[in-house]
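K.L.:
Need a 3D model of the sequence below.
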Amino acid sequence: MKAIFIKVLATSLVCLLWPIVSLHAQEKINFSSEDGLMVTADHYAPAVQNASYVVLFHQAGWSRGEYREIAPKLISLGFGVVAVDQRSGGKVNGIDNETYAAALKKNAKVDYIDALPDMLSAIEYVDQIYKPRKLIVWGSSYSAALVLHIAGEKLRKIDAVLSFSPGEYFTGSGKPGDWVKQSAQKIDIPVFITSARSEIRVWDDIFKVIPVADKAGFVPKGAGQHGARTLWSKFPDHQEYWQAVEHFLKNLSVS
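P.N.:
Here you go, the predicted structure:
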């Protein structure tokens, strides 16, 4: 997979008929974060044995509910999925963020950067419990930036990253304005980055310094949306995003 900026993908090639995946394979799981906080997540069991796993992290103010529609589609592509509640979040699609609630009860900090231990623990949990063939991390908004940091600093062993609307969101937490970019310069695994069209300037410099051949930046034809919600079927250009995501994931499966 060559390093490219994907500007236009023919929507006629989009996989329009997703298999209908029952949510009966979904179960709520809990595990401890690095500081002892209980983290809640949804596990969507893979449809095949020896599957690779995608660990999904939500955007600001939200919960694992961001992925209620997305996770079954990833299952249809042959992946196992774990969608995580980070402590920096809230409610979306009717799903409360239980990790956030637990953090408030403990008077723990819930800024973006404070979610990093939850994310690291989730990755470690999936690796140890499900023993995936490949382990892929996926972030949305602030977590999209944190998955790039995790990959660059090699905080956990992962095989690929998908990042939806990353940016330098951590200056308020005392991090330098190029904190994510500094980590991106050290990434050595495949990376996919996308966002709403208006946000491309936010992550262009981050994308440019990633020193791997297997990277793709997807530019939508339409306006798109902030974060992973751009894949929700309610948005008119979700299909072109899905085509780009599927192309990236299929290349991973044969690499």
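K.L.:
Show me which residues of stretch 100-112 are buried.
P.N.:
100-103, 108, 110, 112 (16 or more other CB atoms under 10 Å). No exception for glycine: its C-beta is placed from N, CA and C like everyone else's.
K.L.:
try stretch 228-237
P.N.:
So, applying 16+ other CB under 10 Å, buried residues of stretch 228-237: 228-232, 237.
K.L.:
where does this protein dip in pLDDT?
P.N.:
1-24, 253-255 (pLDDT under 70).
K.L.:
Spatially central residue in it, please.
P.N.:
Geometric centre of the chain, nearest residue: Trp138, 1.8 Å, by CA atoms, centre = their mean.
K.L.:
Can you tell me the closest non-neighbouring residue to that residue?
P.N.:
The spatially closest residue to Trp138, leaving aside those adjacent along the chain, is Leu162, at 4.4 Å (CB to CB, 6 or more residues apart in numbering).
K.L.:
Sheet partners, orientation included, of the helix or strand containing that neighbour?
P.N.:
Following DSSP states H and E, the helix or strand that holds Leu162 is strand 160-164. Strand 160-164 has its sheet partners listed here by DSSP bridges as strand 135-140 (parallel), strand 191-194 (parallel).
K.L.:
Check the offset of it from the chain's centre.
P.N.:
Between the centre of strand 160-164 and the centre of its chain there are 6 Å (CA atoms, centre = their mean, to the nearest Å).
K.L.:
Can you show me the CA trace of it as CSV?
P.N.:
Listed next in CSV are the C-alpha coordinates belonging to strand 160-164 (Å, rounded to 0.1, in the frame of the first residue of the first chain):
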residue,chain,number,x,y,z
ALA,A,160,-2.1,-0.3,12.5
VAL,A,161,-3.9,2.9,13.3
LEU,A,162,-7.1,4.6,11.9
SER,A,163,-7.5,8.2,13.0
PHE,A,164,-10.6,10.2,12.4
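K.L.:
what's downstream of that strand, the next helix or strand?
P.N.:
Using DSSP H and E, the helix or strand that follows strand 160-164 in sequence is helix 179-184.
K.L.:
For that following helix, enumerate the helices and strands it packs against.
P.N.:
helix 142-153, helix 200-209 (3 or more CB pairs under 8 Å, 6 or more residues apart in numbering; DSSP states H and E).
K.L.:
coming back round to it: wait, the residue nearest to Trp138 sits on Ser143?
P.N.:
No. The criterion here is CB atoms under 8 Å, and Leu162 misses it with Ser143 at 10.9 Å.
K.L.:
Met119: which of the buried residues of stretch 228-237 is nearest?
P.N.:
For the buried residues of stretch 228-237, the closest approach to Met119 (CB to CB) belongs to Ala228, at 14.7 Å.
K.L.:
Wait, a strand at the closest one?
P.N.:
No. Counting by DSSP: H, G, I helix; E, B strand; the rest coil, Ala228 is not found in a strand; it is helix.
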